[in-house]
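**Q** have a look; sequence and predicted model below, questions after that.
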Amino acid sequence: IIQIAAIRFMNFHPIEVFATYIKPRKGLNAKAAKINHITEAQILESPYFEDIQDAFTSFIAGSDPLVGHNLSFDCNFLVASGISFSTLFEHKAYDTLDLAKRVFPQKYSYALDAVCRSELHVIRDNAHDAVSDTLATGLL
């Protein structure tokens, strides 16, 4: 994990954001950096995951549903980093990837950008940025 974000929505409007870059213990993975467009300079002064883990867990705690696009993919990274599976799923969870496949069965692509472009008419230039992806997923 090199960046993490969560956005709390109320009545389909974003009202609170938790976001930070994460300094990886084993250094910046070149493949991940290329996908996410994150540089060494961006993570240089960032906290380690364990430094923000409690704050992140507190932010997502409560009765609000957990929403993500390909949610199991992200949750696997969180669990591997030390967040318990039960913490993640102590409330309802919705995967917009699964929902999009059910609601729009004829799509060419179910990538977050493709679904946002065709259904929300939103074109983003910062795909794979955690805050941008989280906002797009919440709106979707």
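**A** Here it is on my side, so go on. Numbering: from 1, shown residues only.
**Q** quick one: the helices in this structure?
**A** For the chain, the helices defined by DSSP state H occupy 30-36, 40-43, 49-60, 71-80, 85-88, 96-103, 112-115, 130-139.
**Q** just the residues contacting the third one, thanks.
**A** Put plainly, it is helix 49-60. 1, 4, 6, 8, 16, 18, 20, 22, 66, 81-83, 87-88 (Cβ atoms under 8 Å, 6 or more residues apart in numbering). (C-beta placed from N, C-alpha, C; glycine too.)
**Q** just the buried residues out of those residues, in PyMOL syntax.
**A** Applying 16 or more other Cβ atoms under 10 Å to the contacts of helix 49-60, the buried members can be selected in PyMOL as follows:
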select buried, resi 1+4+6+18+20+22+66+83+88
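**Q** just the CA trace of stretch 41-56, in CSV.
**A** Taking C-alpha atoms only, stretch 41-56 is exported to CSV below (Å, rounded to 0.1, in the frame of the first residue of the first chain):
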residue,chain,number,x,y,z
ALA,A,41,9.3,12.3,-3.4
GLN,A,42,5.6,12.0,-2.6
ILE,A,43,6.2,9.2,-0.1
LEU,A,44,9.4,10.4,1.3
GLU,A,45,7.9,12.1,4.4
SER,A,46,4.8,9.8,4.5
PRO,A,47,3.9,7.6,7.5
TYR,A,48,4.3,3.8,7.5
PHE,A,49,1.0,1.9,7.3
GLU,A,50,1.1,0.9,11.0
ASP,A,51,1.3,4.6,11.9
ILE,A,52,-2.1,5.3,10.3
GLN,A,53,-3.7,1.9,10.8
ASP,A,54,-5.7,2.9,13.9
ALA,A,55,-6.8,6.2,12.5
PHE,A,56,-8.0,4.5,9.3
